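Chemist: Here's a sequence, model it:
(2 chains)
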Number of protein chains: 2
Amino acid sequence: MRDFSADHRWLSINTATLRGAGRLDTIIEACARHGIRAISPWRDQVAAIGLERTAALVRTHGLALSGYCRGGMFPAPDAAGRQAALDDNRRAVDEAKTLDAACLVLVVGALPGALAGAALTKDLAGARRQVHDGIAATLEYAKEAGMPLAIEPLHPMYAADRACVNTLEQALDLCDALDPARSGSLGVDDVHCAALGVAVDVYHVWWDPALKAGIERAGAANRLFAYHICDWLVPTKDLLNDRGMMGDGVIDLPLIRSWMEDAGYRGMHEVEIFSTDWWKRDADEVLLTCRRRHADRT
Amino acid sequence: MRDFSADHRWLSINTATLRGAGRLDTIIEACARHGIRAISPWRDQVAAIGLERTAALVRTHGLALSGYCRGGMFPAPDAAGRQAALDDNRRAVDEAKTLDAACLVLVVGALPGALAGAALTKDLAGARRQVHDGIAATLEYAKEAGMPLAIEPLHPMYAADRACVNTLEQALDLCDALDPARSGSLGVDDVHCAALGVAVDVYHVWWDPALKAGIERAGAANRLFAYHICDWLVPTKDLLNDRGMMGDGVIDLPLIRSWMEDAGYRGMHEVEIFSTDWWKRDADEVLLTCRRRHADRT
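Modeler: Next up, the predicted model:
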């Protein structure tokens, strides 16, 4: 395994981790101050300061993008809604390309209306078909643009409202169905990768008895595009915003990393922590903790 | 499919649904008052009024037990703890037998210490091995007693602290490993069943893309011992005690029931709702709602 104890070159900060610190320019400057080499920003954060300004800041500080968050949210109650989602995903691909992101992360969406608290349907299989079709349409565009798409399976507790792709196996089945030729270009770390792959976030998949097998399968198909880390707290007090800092919870991070590396992954460790607790803290404290924990707890 | 619109003979009330109503004798009397034919009580509720008194009340009111909650919680930090768990599971088997329950439901446990908020280990695979061994030991005793054991896969959000068996497939793999001969006696509805099977609770498994296949597999092996119903609310505000009444959430209950019946299940629909909301309401309102929703929403 790679030795991270005195080398943070593989540490990336998902900028959602610093949502409490202010605008994206402030976040980027904090990351640069702490020697962070890569980030993964969210579209709303980019939009708030402008795409061109973001691109300029990223260049100025020599930052890589381990991913861009996020495309997806394909299901909609009608054809107009589905088309709007496809249009939006094309814009996300373009933005990811402008920022030279390693991949566009897809949080695929689920039951239309559920995220707003009023599901318009209980047809989970139908939502999954819409996700299949939405990724298929977006993939065509993404391949032309040379932007790998990373399906992020989300924890089953988000199956109703955020993503109805809930296991690595399910994500890889989609990959095999939609990108059987693994016809990508140069991707993560300039290694040839498939056009469609997965983002493995430990928070979503750590519980899965089939996780090791899924990582092996993804690695063998060159579909391991991103690796997100945080921790699962006990007790977890909120379904969305109570993720833990690496080392504070129950996920065996060195074990899962060993599976990733055995499967050939040599990319970034992206810290993505949605936490009302960590959002309250100073950006310097958060980043120092991320660096320290990445070095000795992952 | 069975017609429930004017027939509640297949409705069972898990007495956790009425935790706000007081002691088990009060709960049983409320169920009897509403013409409920079956219940599934919890051990702590039984202990509070006594096993013999519970048995007498059940007989007096002609109630069946669709299950007994619960055995399990096998992993422990040391051999003494594991032995204590086995001893406790034997007592649970004995109690289930005294009450003539259709099965003893197993919530298998997870990382030692996690339920108390301080996990002593991150070894999830090790916990799963302890669960395997604990069920194996308990099964010997249960077979002698003629008491079917029903493994209840719990939602992955409980993998750390309550149960590290998190999918139906995983539960059925355990069943096949430990009870390959399906060597049970007369079980649910006096139909021959395996010694080891599963309790399918929609709350825990509704999200699973492999659910239909798992139900078919369980049915073909005579391992469908129990079916628990409630609903998944959006948003879900608490990981443990925010389950919904049937019809108030996003689970397609008629669809999942159709899979159960196609797989041969003809047993009870056991309403199990952990909800601080419903616990505040009057027992009569809860039971009337259970009857009505069972009739037209499941």
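
Chemist: what residue ranges in the stretch 151-298 of chain A score low on pLDDT?
Modeler: Scanning the stretch 151-298 of chain A for pLDDT under 70 picks out A:185-192.

Chemist: So which bits of it are right by chain B?
Modeler: Residues of the stretch 151-298 of chain A found near chain B (Cβ under 8 Å from any Cβ of the partner chain) are A:155-157, A:159-161, A:164, A:166-167, A:170, A:206-209, A:232, A:234-237, A:239, A:249-252, A:255. Using the backbone N, CA and C atoms, a C-beta is placed for each residue, glycine as well.

Chemist: Please pick the buried ones from these.
Modeler: By neighbour count, with 16 or more other Cβ atoms under 10 Å in any protein chain shown, those hold A:155-157, A:159-161, A:164, A:166-167, A:170, A:206-209, A:232, A:234, A:236, A:239, A:249-251, A:255 as buried.

Chemist: all strands for chain A, in order.
Modeler: Ranges of strands in chain A, per DSSP state E, are A:11-14, A:38-40, A:64-65, A:68-72, A:104-107, A:149-151, A:196-201, A:224-229, A:269-271.

Chemist: what residues does the stretch 1-150 of chain A put near chain B?
Modeler: With Cβ under 8 Å from any Cβ as the criterion, the stretch 1-150 of chain A meets chain B at residues A:111, A:114-115, A:117-119, A:122-124, A:128.

Chemist: low pLDDT regions in the stretch 1-150 of chain A?
Modeler: Using pLDDT under 70, nothing in the stretch 1-150 of chain A is flagged.

Chemist: all helices of chain A, in order?
Modeler: A:24-33, A:43-49, A:51-60, A:79-98, A:124-145, A:168-178, A:202-205, A:211-220, A:253-262, A:276-279, A:283-297 (DSSP state H).

Chemist: Please work out the angle formed by the directions of the fourth one and helix A:51-60.
Modeler: Looking back up the chat, that one is helix A:79-98. Orientation check (axes from the mean of the first three to the mean of the last three Cα atoms, to 10 degrees): helix A:79-98 against helix A:51-60 gives 30 degrees.

Chemist: cool, and the last one?
Modeler: Calculated by the same axes, to 10 degrees, helix A:283-297 forms an angle of 50 degrees with helix A:51-60.

Chemist: in helix A:283-297, what's buried?
Modeler: If you call a residue buried by 16+ other Cβ under 10 Å, then helix A:283-297 has these buried ones: A:283, A:286-287, A:289-291, A:293-295, A:297.

Chemist: go on, the third one?
Modeler: For helix A:51-60, burial by neighbour count (16+ other Cβ under 10 Å) applies to A:54-55, A:57-58.

Chemist: repeat for the longest one
Modeler: Residues of helix A:124-145 classed as buried by neighbour count (16+ other Cβ under 10 Å): A:124, A:127-128, A:130-132, A:134-135, A:137-139, A:142-143.

Chemist: next one: the fourth one
Modeler: Under the neighbour-count criterion of 16+ other Cβ under 10 Å, helix A:79-98 has A:82, A:85-86, A:88-90, A:92-93, A:95-96 buried.

Chemist: next one: it to chain centre, how far?
Modeler: From the chain centre to the centre of helix A:79-98 is a distance of 17 Å (Cα atoms, centre = their mean, to the nearest Å).

Chemist: Settle this for me: A:Ser40 is touching A:Thr17, isn't it.
Modeler: No - using Cβ atoms under 8 Å as the test, A:Ser40 is too far from A:Thr17 to be in contact (9.4 Å).

Chemist: so what sits against both of those two?
Modeler: Both A:Ser40 and A:Thr17 are contacted by A:Glu272, under the criterion Cβ atoms under 8 Å, 6 or more residues apart in numbering or on different chains.

Chemist: Skipping adjacent residues, who's closest to the residue of the stretch 1-150 of chain A found nearest chain B in space?
Modeler: Closest to chain B within the stretch 1-150 of chain A is A:Lys122: 4.2 Å, counting by Cβ to the nearest Cβ. Residue nearest to A:Lys122 in three dimensions, not counting chain neighbours: B:Asp252, with 4.2 Å by Cβ to Cβ, 6 or more residues apart in numbering or on different chains.

Chemist: What of A:Asp123?
Modeler: B:Asp252 (7.0 Å).

Chemist: looking at it, the one you found is touching A:Thr121, isn't it?
Modeler: No - using Cβ under 8 Å, B:Asp252 is not in contact with A:Thr121; the gap is 9.0 Å.

Chemist: Identify the residue spatially nearest to A:Arg82, adjacent ones excluded.
Modeler: Using Cβ to Cβ, 6+ apart and skipping the chain neighbours, the partner closest in space to A:Arg82 is A:Ala76 (4.6 Å).

Chemist: What's the separation between that neighbour and A:Ala116?
Modeler: According to Cβ to Cβ, to the nearest Å, A:Ala76 and A:Ala116 sit 12 Å apart.

Chemist: who has more neighbours, these two?
Modeler: Remark: of A:Ala76 and A:Ala116, A:Ala76 carries more neighbours, 20 against 11, as counted by other Cβ atoms under 10 Å in any protein chain shown.

Chemist: Contact partners for that one?
Modeler: Contacts of A:Ala76 (Cβ under 8 Å, 6+ apart): A:82, A:84-85, A:112, A:130.

Chemist: and if we set it to 6 Å?
Modeler: Taking Cβ atoms under 6 Å, 6 or more residues apart in numbering or on different chains, we find A:Ala76 in contact with A:82, A:85, A:112.

Chemist: Show me the two of the buried residues of helix A:51-60 that sit farthest apart.
Modeler: Using Cβ to Cβ, the pair of the buried residues of helix A:51-60 lying farthest apart is A:Ala55 and A:Leu57, separated by 7.4 Å.

Chemist: For A:Ile273, see how far away the residue positioned nearest the centre of chain A is.
Modeler: In chain A, the centroid-proximal residue (Cα atoms, centre = their mean) is A:Val105; its distance is 4.8 Å. Distance, A:Val105 to A:Ile273, by Cβ to Cβ: 16 Å.
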